[in-house]
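Asks: this one's sequence-less:
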């Protein structure tokens, strides 16, 4: 059974409450106003961010992430 999420840090932003949460040693979650933005166990958002960022970059360019 998974443990409950613990809030590590939070800040009020123009878009609402931004939170970093942790459940296990390697399980993290980033939320804004309760909506999940990124989770350490899923990589869909990171892949989409990379795809959108690299679209339109000239051929042969190098990108450091």
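Replies: Arrived safely. Quantities reported herein were computed from a predicted structural model and do not represent experimental measurements.
Asks: any low-confidence regions in this structure?
Replies: Counting by pLDDT under 70, the chain shows low-confidence ranges at 1, 65.
Asks: Bridged to the residue positioned nearest the centre of it, which residues?
Replies: The centre of the chain sits closest to residue 38, judged by C-alpha atoms, centre = their mean, with a distance of 2.8 Å. For residue 38, the beta-bridge partners under DSSP bridges are residue 30.
Asks: That one is in contact with residue 44, isn't it?
Replies: No - if you go by C-beta atoms under 8 Å, residue 38 and residue 44 don't touch, sitting 9.2 Å apart. All C-beta atoms are positioned from the backbone trio N, CA, C, and that covers glycine.
Asks: related to what we said a few turns ago, who's in contact with the residue nearest to the centre of the chain?
Replies: With contacts defined as C-beta atoms under 8 Å, 6 or more residues apart in numbering, residue 38 is in contact with 29, 30, 45, 46.
Asks: To which secondary structure element type does the last one belong?
Replies: For residue 46, the secondary structure call by DSSP: H, G, I helix; E, B strand; the rest coil comes out as helix.
Asks: Number of residues surrounding it?
Replies: Counted by other C-beta atoms under 10 Å, the residues lying close to residue 46 total 12.
Asks: if I look at it, how far off is residue 52?
Replies: Per C-beta to C-beta, to the nearest Å, residue 46 is found 11 Å from residue 52.
Asks: before we move on, what about residue 21?
Replies: In this view, residue 21 and residue 52 are 25 Å apart by C-beta to C-beta.
Asks: higher neighbour count, the two?
Replies: Using other C-beta under 10 Å as the criterion, residue 21 and residue 52 rank with residue 21 on top: 18 against 9.
Asks: close enough to count as contact, the more buried one and residue 36?
Replies: No - with contact defined as C-beta under 8 Å, residue 21 does not count as touching residue 36 (9.5 Å).
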